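> here is my input; please provide its structure:
(one chain, ligands or ions: 3)
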Amino acid sequence: MSNDALRIALLGCGTVGTAVARRLVDHADEFASRVERPVEITGVAVRDTSKPRPESGLDPSVFTTDAEALVRDADVVVELMGGIEPARSLLLTAMEHGASVVTANKALLGEDGPRLYETAAEHGVDLYYEASVAGAIPLLRPLQVSLAGDSVERIMGIVNGTTNFILDKMDRTGEALDDVLAEAQELGYAEADPTADVEGYDARAKAAILASLAFHTRVAALDVSCEGIMSITADDIRAARKMGCVVKLLAICERVRNGRGDQSLSVRVHPTLVPRSHPLASVHDAFNAVFIESALAGEVMFYGQGAGGDPTASAVLGDLVQAARHKVTGSRGPGESAYADLPILPLSQATTRYAIRIEVPDRPGVLAHVTNVFAGQGVSIESMRQGVRRSDDGLATLTIATHAATDAALARTVDQLRLLDDVSTVTSVLRMEGI
Ligand SMILES: NC(=O)C1=CN([C@@H]2O[C@H](COP(=O)(O)OP(=O)(O)OC[C@H]3O[C@@H](n4cnc5c(N)ncnc54)[C@H](O)[C@@H]3O)[C@@H](O)[C@H]2O)C=CC1
Ligand SMILES: N[C@@H](CC=O)C(=O)O
Ligand code: NA
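Numbers count the residues shown, from 1 in each chain. Ligands and ions are numbered 1, 2, ... in the order given. As a prediction, this is how the structure comes out:
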């Protein structure tokens, strides 16, 4: 074994960076054995070097504010500061100077993944990002490597720990969204700006990464239709419970074939009703779970911790070991595969089932008027349930579950329901999966 240590530069020393550093320091001998060369953190870029960071286990002398100089002199750069800039420029500089790159930054990959891949290919270095989707769960390497001989048809899963924590807690306690968000932040699951979690942007970037790998097509975050959980109320959760369902924020990436056999992709993120009997309904706290359906393997399920310092560090360190081994052996991991270049469908053409809750006066003829609206748009009703008439306003809640329909047909149906005299309010429209 050569005794020249591989130089590791760490960018950012927050929740994940600290966990990565701590493990590298405490298990230095194991890393050296696994890589067949010592692995040494030569520098850690932070905003403020005077801040004490005893929990990282690092010597204070390694901290620097000069990230630019650090990435020019490293074998592997591990980016854990998040955001687009300066992370992007630093990673490009790192690769241009011969460093392989490991990142957990889904926002950056969702925005500019192809550019990172092109730079990695140009300079013969690795680009790894297993931690960027579903934290600790080995998901990207199975997609990129293990399923490389199969044909992925559909991916559906929970890929954001913060929103799962929130929705799960709302389901268990009946609390409102705002009350549980702060707790998710304290536990280190939420992004620096939790808007990315609750508005679905974090899951959107992850869906883009998954779809790109699964379907050999460049999919950017902005190609993904996205609806977050901010509009989900305690009432929605209670109504879901009455239907035997839970609400989950799902990322769905699917290959769609039309009658002529042409293929396209539907990639979307939205709150979804899932029956309590479905395995995704049993995903609690900040855990993630992802189903992959492929032509030969059938259905495969991945489950584990999608967020948090140590779990995310596990994926980062796995990538680091792989990139470091390649430095030692002079080889490279897989590059970008985007040969299929499939078109991405707009949300209006996505087909799914819906549950619509409306408030109606409890009087003769109302049901007929409502069902006519659905029939007029070709949306088939699967079931309809009317709650008891309330004495205060004389209204009753009507919950209608549909068969599969396009988003466009459903949107037209909802628009017409809103115009109907017989409908006082359209309270909620939620997509349904797994039923
Ligand atoms: N926390 C989690 O559970 C997970 C996080 N990730 C990703 O990992 C990355 C890091 O996340 P966290 O550790 O949670 O974030 P964090 O906010 O705890 O840590 C980021 C650190 O980077 C530092 N930083 C930011 N910009 C900097 C700059 N220009 N120069 C020097 N330091 C800078 C910040 O001061 C902070 O200490 C993000 O890309 C995030 O999306 C991925 C999976 C899970
Ligand atoms: N904020 C993210 C962290 C992991 O990617 C989440 O909640 O899942
Ligand atoms: Na992962």
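
> am I right that residue 389 sits in a helix?
No - counting by DSSP: H, G, I helix; E, B strand; the rest coil, one finds residue 389 to be coil, located in no helix.

> contacting residues for it?
362, 395-396 (CB atoms under 8 Å, 6 or more residues apart in numbering). All C-beta spots, glycine's among them, are computed from the backbone N, C-alpha and C.

> how much space separates it from residue 225?
37 Å (CB to CB, to the nearest Å).

> again with residue 170
Using CB to CB, residue 170 is found at 24 Å from residue 225.

> residue 86 now?
Distance of residue 86 to residue 225, computed by CB to CB: 30 Å.

> higher neighbour count, these two?
residue 225 (20 against 16; other CB atoms under 10 Å).

> quick one, what contacts the more buried one?
Applying CB under 8 Å, 6+ apart, we find residue 225 in contact with 267-270, 346-347, 350.

> please identify the helix or strand for residue 338.
Per DSSP states H and E: residue 338 is located in neither a helix nor a strand.

> before we move on, what about residue 172?
Per DSSP H and E, residue 172 falls inside helix 161-173.

> so for that helix, what gets flagged as buried?
The neighbour-count check on helix 161-173 (16 or more other CB atoms under 10 Å) flags 161-171 as buried.

> about what we covered before: which of the contacts of residue 225 fall within strands?
Taking DSSP state E as the definition of strands, the contacts of residue 225 contribute 267-270.

> need these in a markdown table (columns: neighbour count, distance to residue 180 and pLDDT).
Below are the ones in strands among the contacts of residue 225 laid out as a markdown table (neighbours: other CB atoms under 10 Å; distance: CB to CB, whole Å; pLDDT from 0 to 100):
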| residue | neighbour count | distance to residue 180 | pLDDT |
| --- | --- | --- | --- |
| 267 | 28 | 28 | 98 |
| 268 | 25 | 25 | 98 |
| 269 | 29 | 20 | 98 |
| 270 | 23 | 20 | 98 |
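
> is the longest helix along the chain in proximity to ligand 2?
What stands out as the longest helix in the chain, according to DSSP state H, is helix 309-329. No - residues of helix 309-329 are not located near ligand 2 by CB under 6 Å from any ligand atom, the shortest gap being 6.6 Å.

> and that helix, what does it pack onto?
Judged by 3 or more CB pairs under 8 Å, 6 or more residues apart in numbering; DSSP states H and E, helix 309-329 is in contact with strand 6-11, helix 15-26, helix 28-35, strand 76-79, strand 100-103, strand 127-128.

> so which of those comes closest to ligand 2?
Comparison of these against ligand 2 by CB to the nearest ligand atom identifies helix 15-26 as nearest, at 8.9 Å.

> I'd like to know which elements that closest one is packed against.
On a contact count with 3+ CB pairs under 8 Å, 6+ apart, helix 15-26 meets strand 6-11, strand 39-45, helix 309-329.

> just how off-centre is the following helix or strand past the longest one within its chain?
Same thing as helix 309-329. Following helix 309-329 in sequence order, the next helix or strand is strand 351-361 (DSSP H and E). With CA atoms, centre = their mean, to the nearest Å as the basis, strand 351-361 stands 26 Å off its chain's centre.

> could you spell out the sheet neighbours of strand 351-361, each with its direction?
strand 395-402 (antiparallel), strand 405-406 (antiparallel), strand 425-432 (antiparallel) (DSSP bridges).

> any idea of the mean pLDDT for stretch 59-71?
Mean pLDDT, computed over stretch 59-71, is 98.

> flag every buried residue along it.
Of the residues in stretch 59-71, 62-64, 67, 70-71 count as buried by neighbour count, 16+ other CB under 10 Å.

> so is the helix holding residue 172 next to ligand 2?
Yes - applying CB under 6 Å from any ligand atom, one finds helix 161-173 in contact with ligand 2 at 161-162.

> run the angle between the very next helix or strand once past that helix and helix 161-173 for me.
Downstream of helix 161-173, the next assigned helix or strand under DSSP H and E is helix 177-186. Counting by axes from the mean of the first three to the mean of the last three CA atoms, to 10 degrees, helix 177-186 lies at 130 degrees to helix 161-173.

> which element follows helix 177-186 toward the C-terminus?
Heading C-terminal from helix 177-186 (DSSP H and E), you reach helix 195-198.

> which helices and strands does the helix or strand following that next one pack with?
Going down the chain from helix 195-198, the next helix or strand is helix 201-215, by DSSP H and E. With contacts taken as 3+ CB pairs under 8 Å, 6+ apart, helix 201-215 sits against helix 106-123, helix 140-141, strand 152-158, strand 225-226, strand 245-257, strand 263-275.
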